[in-house]
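*Asks:* What would the 3D arrangement of this be:
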Amino acid sequence: MERPKDLSITPRTAIIIIILFHAVGLVGTSLAISRPLFLQLVPWHLLLMLLVIVLAHKNFNKPFVTFLAIVFVSGIAVEWIGVHTGWLFGNYAYGATLGTKIFDIPLTIGVNWFLLVYATGVIMQRSRLKSIFPRIIAGALILVILDVLIEPVAIRFDYWHWVGGVIPTKNYICWFLVSAVLLFVFEKFNFKKQSIAAPVLLITEFVFFGILMVLTKG
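*Replies:* Predicted coordinates:
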């Protein structure tokens, strides 16, 4: 499976799009007057980031598409288990912000799992960690730290809500375990070191949710 060259984008273009749209989104979501509009755009933002990362991926081939599909379906599946049984993550339900749902799970949550796992996998490949399991453990810890930043924003802006309003420790444990499994899948697909676009996306997510958490607190 080959992607036509005219459908690819350079790392520089991808980075500009990632930073620009997160910056605009940060301002728009921080201001009360524009917040309702920007919250409606959250699913489209995630789809745009998916498009940017896919077009910036150097080797668009069957393994990459298969990996994307596995993570997307797995993300939907684990969230379904979490929402409908409480066995994973805890007792929670999704709000309206993440868009269209199937069986009470937003389809964009599968997109989000792919973006986070892929970006973390690439940044771990670019690290000095030479062994697979240290990369997986470090990557899963990074995603748990990111979730710590995301949770207050997600609750505040109707991404999802926890029963009783308390985020259980179980959530972070399961985030670590699910992230580790999906990062293991990433490693087994043996993607070669990719462009800097994916790591920039992950760093930008940290900045975006960290600042948004502070600016909209209370």
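
*Asks:* C-alpha only now, for contacts and for neighbours.
*Replies:* OK.

*Asks:* Show me where this structure dips below the pLDDT cut-off.
*Replies:* Using pLDDT under 70 as the threshold, the predicted model of the chain has low-confidence ranges 1-6, 218.

*Asks:* mind listing the strands for this structure?
*Replies:* Chain-ordered strands for the chain, with DSSP state E as the definition, fall at 92-94, 101-102, 105-106, 160-162.

*Asks:* Mind checking those strands for the one nearest to residue 31?
*Replies:* For the strands of the chain, proximity to residue 31 was assessed by Cα to Cα; strand 160-162 is nearest, at 20.7 Å.

*Asks:* which secondary structure elements does that closest one contact?
*Replies:* Other elements packing on strand 160-162 under the criterion 3 or more Cα pairs under 8 Å, 6 or more residues apart in numbering; DSSP states H and E are strand 92-94, helix 132-156.

*Asks:* Give me the helices and strands touching the longest one, please.
*Replies:* When contacts are defined as 3+ Cα pairs under 8 Å, 6+ apart, helix 132-156 packs onto helix 108-125, strand 160-162, helix 169-188, helix 197-215.

*Asks:* Identify whichever of these lies nearest to residue 30.
*Replies:* Comparing those by Cα to Cα, helix 197-215 comes nearest, at 6.5 Å.

*Asks:* which ones are touching residue 16?
*Replies:* Going by Cα atoms under 8 Å, 6 or more residues apart in numbering, residue 16 touches no other residue.

*Asks:* Now do it against residue 202, distance only.
*Replies:* 14 Å (Cα to Cα, to the nearest Å).

*Asks:* residue contacts, residue 182?
*Replies:* The contact partners of residue 182, taken as Cα under 8 Å, 6+ apart, are 71, 117.

*Asks:* go on, residue 141?
*Replies:* Residues in contact with residue 141 (Cα under 8 Å, 6+ apart) are residue 176.

*Asks:* Now do it against residue 178, distance only.
*Replies:* Separation of residue 141 from residue 178 (Cα to Cα): 11 Å.

*Asks:* just to revisit the earlier point, and the helices and strands packed on helix 132-156 as a markdown table, adding distance to residue 51?
*Replies:* What follows is the helices and strands packed on helix 132-156, written out as a markdown table (distance: least, Cα to Cα, whole Å):
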| stretch | distance to residue 51 |
| --- | --- |
| helix 108-125 | 10 |
| strand 160-162 | 24 |
| helix 169-188 | 19 |
| helix 197-215 | 12 |
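
*Asks:* Point out the most buried one among these.
*Replies:* Taking mean count of other Cα atoms under 10 Å as the contact definition, the stretch among those with the greatest mean neighbour count is helix 108-125, which reaches a mean of 23.

*Asks:* Output that one in CSV with nothing but the alpha carbons.
*Replies:* C-alpha atoms of helix 108-125 as CSV (Å, rounded to 0.1, in the frame of the first residue of the first chain):
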residue,chain,number,x,y,z
THR,A,108,-12.8,10.0,18.6
ILE,A,109,-11.6,8.2,21.7
GLY,A,110,-10.1,5.6,19.4
VAL,A,111,-8.4,8.3,17.4
ASN,A,112,-7.1,9.8,20.6
TRP,A,113,-5.6,6.5,21.8
PHE,A,114,-3.9,6.1,18.4
LEU,A,115,-2.4,9.6,18.5
LEU,A,116,-1.1,9.3,22.1
VAL,A,117,0.3,5.8,21.7
TYR,A,118,1.9,6.5,18.3
ALA,A,119,3.4,9.8,19.5
THR,A,120,4.7,8.2,22.7
GLY,A,121,6.1,5.2,20.8
VAL,A,122,8.0,7.5,18.4
ILE,A,123,9.4,9.7,21.1
MET,A,124,10.6,6.6,23.0
GLN,A,125,12.3,5.4,19.8
